[in-house]
Structure formats: structure tokens, C-alpha cells
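In: let me see the structure of the following:
(chains A and B)
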2 protein chains.
Amino acid sequence: MRKLKIIKIGGNVINDKQELESFLNDFSDVDTLKILVHGGGKRATELSATLGLETKMIGGRRVTDEASLEIVTMVYAGLLNKNIVAKLQANNCNAIGLTGADANMILAHKRIVKDIDYGFVGDVDRIEKDTLALLLNHKITPVFAAITHNKKGQLLNTNADTIASELAKGLSGIFDVELIYCFEKKGVLLNIEDDDSVIEEINKEKYESLKKDQIIAEGMLPKLENCFESLENGVKKVIIGKPELIRKSGIKHTSLTL
Amino acid sequence: MRKLKIIKIGGNVINDKQELESFLNDFSDVDTLKILVHGGGKRATELSATLGLETKMIGGRRVTDEASLEIVTMVYAGLLNKNIVAKLQANNCNAIGLTGADANMILAHKRIVKDIDYGFVGDVDRIEKDTLALLLNHKITPVFAAITHNKKGQLLNTNADTIASELAKGLSGIFDVELIYCFEKKGVLLNIEDDDSVIEEINKEKYESLKKDQIIAEGMLPKLENCFESLENGVKKVIIGKPELIRKSGIKHTSLTL
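Out: Presented below is the predicted three-dimensional model:
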């Protein structure tokens, strides 16, 4: 099976023009098949503020009402996605910008309301792996904005980490998939205040014990749950760390295995 | 050769929610291979106004500065394009939303400044016909927002009529192409104040004589020049009229032939 790297970048890379450019140069040099998944960054929040829209948060999570969904669609799928694609094209990386609605790539449903109504937020049901494989096998590099749809005409704001892991799981039957989460830390930290306290290897057993001892920061828990679910569903390797690890070897990071 | 219809809709269809929905239902029912090209509509102008940006016009044409290009990228490639794609997907039309940057589909250069600097406006150089044919042959329907790129990292605002005719010309070697321009009139009018005065057939000779006698409205001239250029470059048929002509037969319209 051919090797496929699925790389997710978060808002911190997107927000800094120079850091984004440097990352996109590195990404263009990745010499396996590859997919980029990008989050939003502060532009959506800024545009909301300029338009006088209130950003509603519940328990640290954004609520996506109709106006927010429009903003997110404009900024993520329009401004960010197309500028990233244009920059990759300049590097001779044949990128194509997508949301989950495009070619029905990522089908989701609106999150079912239990206690909290998060609005137009999607939970992923399936990915269109054959069409993705068609593009990849023609050396076209998908670049996903974190938006899906329900195939009933509704776009849905969707967590970018989840999109990356769903793509990784769905494509693991066709490719030898490595999932790489790039963020602002060097990896999973033993002490959140010490950026050098990276736990370099975590297996399922170690994860359970770290979780039990409440050593892992709360925000990291859903990310790691996602990672282990990916590994249990055929993904070969999951890596968490700074964006530069995709370019240089020897950069400290966290590797996850079962 | 397989039949391909390239259909362009303008702002008037986009601006009216019901008219857009009705058009998209009709478009989904078109039973040949097909491509949709959409213009912008008033949302971009509205968003500019809300953000306090001035829309600069020279000789009736919009000047695209950096801020306008951001707005256009957000509204055309994000909001409009992705909502159109989601609605087509709901109709089981396997749409994929694209700009010219995606998979390098439409390569352009920034318009050379002679007397007037229109800013980030693109003139088309070539289309990526093989990748387009790959999608079409897999029953995927490209939906183009009127944005291209220069493959040096720069997105460019580009006339939607031109995109439609360049796609038609470029694909005419592979498919049997019909180009359909949908707008608010029933066709090319003999008397611009009489919506029923449709000239139903115009060939090159008749066009030259209508032009000489100054019968054709000035705004229609560049559109018709585009049409005849398409016909001279392999496009089989060009049609101009109201959106409903794609659904019903017997709707009055203008047919162009060489």
C-alpha cells in the first residue's frame, strides 16, 4: 500500500502569516501522498466582531448559529482554504480545496441536542474514500476546511481534529496512513508549564495510566481519544507536535501506538 | 463524443433565494455531463458596505483591490459556492465546488495595466482540461466560482462569462460542448425595452450587421464576442436566455451559430 500522510494544522499556524508560509513550504516538500486539514484561526472571530456578531461559547466551545455558520463558511472555505491552495500551487503542489460537501467527501449529521444545543455543528458519519483515492492517485492533494454537510442541503461546522482522524480511519484500508497533528506545543506534556517535558511515546496502557493519574491536560484528552480510536481502526502511526516536525527529523514529539 | 453542457448563471439568479433553489433543481435534472459557473450577486457588495469598504468602479467595472479580493474570495468561493454545492448534493447531483486555483483548473495572469488598473483581476491563459475530464468522467459536476490564480500564489477576480467560455473552448476537443448563458432577459433583444423582441437566431454575418447598425445593447457586445469566439474554437452551440430554458423546451431564447 502507498504511504499517505494526513496533516492537521490548527489556528496558531494559520494566524501567523510567516509561520503559515513556512509550513506550506514544508508541506509541499512532503514526498508521500498527503492531505491537509486546517482549522480556522482568529479571522472568523475578528470578522464576527467587525460585523457586530456575538461569539457564543458554552463550556469553552463555540455555538454555531446561522450567522456564525455563514462567517465560518466564508472564512474557512473561502478566504483561508483558497489562499492556502493558491500558495501550495505556487510550490507545484497540486492542491484542491474542499469541504465535506464537495463531491460528498464527508457526510455528517447535525449534532443531536442533549443538554446543550451547539447549533450547526456536524458529527461525521462517513467519508467518500473512493473519490479521495481517485484524486490522490492522480497526484492531487486534498486540502480540507473544517466544514461538512448532511446531504440535505445543510453545511455543518465540524471539528478539524475529528475530520483528520475520520479521513485517516476511512482511508486506512486503501493507504498506509500516518496521522500528524501539528500544534503549538512539542507534544503531549508531562508538565503543561514545561514545554520540554514531552512524553515521547504513549501506548494505550500508558495513556490509561496517565489519564487515571490526571497527568494529561483536560484539553488534550479528546484529541488523544481520537488518536487511539484511529489506531484501533487501521491507522499505522499518530504523531503530535510542532509543525516543523514534518520537515526536520530529530524534532521532539509524541508518538502514539496501541 | 459525450455531450457536456456548461451553464453560467449571473447575480440575478443568485440574489433571489427562491429563484436560485428553483434553478438548482432544474440544473440537477440536466441529464448530460455538466458544469456550473456562477457569478457573484449583491452579497459581496453588501458585505463590503457593512465592513465600510468603498466599492471602486471605473467605467462601470469594479476595481479589485486587496480588501475587495478578500471579500470576493469569502463570498464567491466560500458562502455562495459551498451553499450551491450543498444544495446540489441534496438533489443527488455530485457537485464539487472549485476556483481556478483548485487543481490548477484555470490559470490566469493579472490584467496588464494600460490606461486603467483594475487591480487583482485575471485574464485566463489556460484550463486544466485533463483533470476536468477526469472529474466529469466520474460523474462529478464542477461548480466554479469566478476566481482564478496565477500559479504564483495570487488569487484573481475573473469575469464569470469569460470563465464559462474558456471552459467551453478548452473542453471542446474532448466533449461535444453546449454553452448556455442564463440571465434576466429572454435573449438578445432587438429593442431593449421590449422583453419579447428576442432575436432567436444570430449567425456571425447577422451579428456583424446588427453591430454595425448599433442595434445590440452595448453591455451585450462583449458577451456576444465571447460567444462567437467559443463557436470559432470548437464549441457546438451557444444559447442565451432565462434560466428556465434549461428545464422547459419551447422557451424563447437566442441561439448563436457561426
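In: I'd like the distance between the residue of the stretch 51-200 of chain A found nearest chain B and A:Val72.
Out: Closest residue of the stretch 51-200 of chain A to chain B, CB to the nearest CB: A:Gly78 (2.3 Å). To be clear about C-beta, it is placed using only N, CA and C from the backbone, and glycine gets the same treatment. According to CB to CB, to the nearest Å, A:Gly78 stands 10 Å off from A:Val72.
In: and what of A:Ser172?
Out: Taking CB to CB, one finds A:Ser172 at 28 Å from A:Val72.
In: got it, and A:Thr45?
Out: 10 Å.
In: who has more neighbours out of these two?
Out: A:Val72 (27 against 17; other CB atoms under 10 Å in any protein chain shown).
In: please identify the helix or strand for that one.
Out: For A:Val72, the host element (DSSP states H and E) is helix A:66-72.
In: ok, and what's touching that helix?
Out: Here helix A:66-72 makes contact (CB atoms under 8 Å, 6 or more residues apart in numbering or on different chains) with A:40, A:44, A:47-48, A:51, A:53, A:55-56, A:62, A:64, A:119-120, A:147, A:155-157, B:79.
In: among those, which ones are in helices?
Out: A:44, A:47-48 (DSSP state H).
In: mind putting these in a markdown table, pLDDT included?
Out: Below are these laid out as a markdown table (pLDDT from 0 to 100):
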| residue | pLDDT |
| --- | --- |
| A:Ala44 | 89 |
| A:Leu47 | 92 |
| A:Ser48 | 91 |
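In: okay, now the unreliable bits of chain A?
Out: A:60 (pLDDT under 70).
In: quick one, helices of it?
Out: Under DSSP H, chain A gives helices at A:11-15, A:17-29, A:43-50, A:66-72, A:81-90, A:129-137, A:160-171, A:204-212, A:220-232.
In: near chain B, which residues of the stretch 51-200 of chain A?
Out: A:51, A:70, A:73-79, A:81-83, A:85-87, A:89-90, A:94-99, A:101-104, A:131, A:134, A:138, A:140, A:147, A:149, A:151-155 (CB under 8 Å from any CB of the partner chain).
In: can you rerun that using 7 Å?
Out: A:51, A:70, A:73-75, A:77-79, A:82-83, A:85-87, A:89-90, A:94, A:96-97, A:99, A:101-104, A:134, A:138, A:140, A:147, A:149, A:151-155 (CB under 7 Å from any CB of the partner chain).
In: filter those down to the buried ones.
Out: A:70, A:73-75, A:77-79, A:82-83, A:85-87, A:89-90, A:94, A:96-97, A:99, A:101-104, A:134, A:140, A:147, A:149, A:151, A:153-155 (16 or more other CB atoms under 10 Å in any protein chain shown).
In: which residues are in contact with the residue nearest to A:Gly41 when sequence neighbours are not counted?
Out: Nearest non-adjacent residue to A:Gly41, counting by CB to CB, 6 or more residues apart in numbering or on different chains: A:Ile14, 3.5 Å away. Counting by CB atoms under 7 Å, 6 or more residues apart in numbering or on different chains, A:Ile14 makes contact with A:20, A:38-39, A:41, A:80.
In: 8 Å instead, please
Out: By CB under 8 Å, 6+ apart, the residues touching A:Ile14 are A:20, A:38-41, A:43, A:80.
In: and A:Asp176, by the same measure?
Out: A:1-4, A:236.
In: and the gap between the residue lying closest to it once chain neighbours are set aside and B:Gly241?
Out: Nearest residue to A:Asp176, sequence neighbours excluded (CB to CB, 6+ apart): A:Met1, at 4.4 Å. Counting by CB to CB, the separation of A:Met1 from B:Gly241 is 51 Å.
In: neighbour count: the two, which is higher?
Out: B:Gly241 (22 against 10).
In: and the closest residue to the more buried one other than its chain neighbours, how many neighbours?
Out: Leaving aside its sequence neighbours, B:Gly241 sits nearest to B:His253 (CB to CB, 6+ apart; 3.0 Å). Burial of B:His253 is recorded as 20 neighbouring residues (other CB under 10 Å).
In: could I get the contacting residues of A:Leu189?
Out: Counting by CB under 8 Å, 6+ apart, the residues that A:Leu189 touches are A:195, A:197-199, A:217.
In: partners of it in the sheet?
Out: Applying DSSP bridges to A:Leu189 gives these bridge partners: A:Val198.
In: from A:Asp196, how far off is it?
Out: 8 Å.
In: do A:Tyr76 as well
Out: From A:Tyr76 over to A:Asp196 the distance is 33 Å, taken as CB to CB.
In: A:Glu229 too?
Out: 28 Å.
In: between those two, tell me which one has more neighbours.
Out: Higher neighbour count among A:Glu229 and A:Asp196: A:Glu229, with 16 against 9, using other CB under 10 Å.
In: my guess is the more buried one contacts A:Ala168. True?
Out: No. Using CB atoms under 8 Å, A:Glu229 is not in contact with A:Ala168, being 9.8 Å away.
In: end-to-end on stretch A:87-101?
Out: By CA to CA, to the nearest Å, the extent of stretch A:87-101 from end to end equals 23 Å.
In: chain center to it, what's the gap?
Out: On the basis of CA atoms, centre = their mean, to the nearest Å, stretch A:87-101 sits 15 Å off its chain's mean C-alpha point.
In: residues in contact with A:Ile251?
Out: A:186, A:241-242, A:244-245 are the contacts of A:Ile251 under CB under 8 Å, 6+ apart.
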